[in-house]
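Chemist: turn this into a structure:
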Amino acid sequence: MGGRKVATQEHPKNVKVEDEGMVIPEGLCGSKSKTYSGQCLNRRGCEYQCKVVEHAETGACHFHHIQRHCYCYHYC
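Modeler: Model prediction:
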C-alpha cells in the first residue's frame, strides 16, 4: 500500500487520517473544506461535500487541534 503522504500548507507530511481504512493517494494535497460546517462526524458527508460542492477528488475527517474537521483533497 502507498503511504499517507499528504502535503498541505496547514499540515506537515504524513497527516494521520482518522477515518479507518482511508488512505490518501500520493499526489493529492489537502486543505480544510471551505463549505463544510461544524465538526466532521460523518466521513461520507465530508466526502460528498468535497466531491460535489468543492470539486475535489475526495474528502476525509481528521483532527486539527481539538476538533475533527473536513479536509478536501485535490491534485497538487
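
Chemist: could you list the buried residues of stretch 53-60?
Modeler: 54, 56, 58-60 (16 or more other C-beta atoms under 10 Å). C-beta coordinates here come from the backbone N, C-alpha and C atoms, glycine included.

Chemist: kindly report the same for stretch 43-54.
Modeler: Neighbour-count burial for stretch 43-54 flags 43, 46-47, 49-50, 54 (criterion: 16+ other C-beta under 10 Å).

Chemist: tell me the one among the buried residues of stretch 53-60 nearest to Leu28.
Modeler: Thr58 (7.4 Å; C-beta to C-beta).

Chemist: what strand or helix carries the closest residue to the closest one other than its chain neighbours?
Modeler: Closest residue in space to Thr58, ignoring its immediate chain neighbours: Tyr73 at 5.1 Å, by C-beta to C-beta, 6 or more residues apart in numbering. Applying DSSP states H and E as the criterion places Tyr73 in strand 67-75.

Chemist: before we move on, the earlier item: in strands only, show me the buried residues of stretch 53-60.
Modeler: If you go by DSSP state E, the buried residues of stretch 53-60 have 58-60 in strands.

Chemist: need the residues you listed in a markdown table (columns: distance to Glu26 and pLDDT).
Modeler: As requested, those are exported to a markdown table (distance: C-beta to C-beta, whole Å; pLDDT from 0 to 100):
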| residue | distance to Glu26 | pLDDT |
| --- | --- | --- |
| Thr58 | 13 | 93 |
| Gly59 | 17 | 93 |
| Ala60 | 15 | 92 |
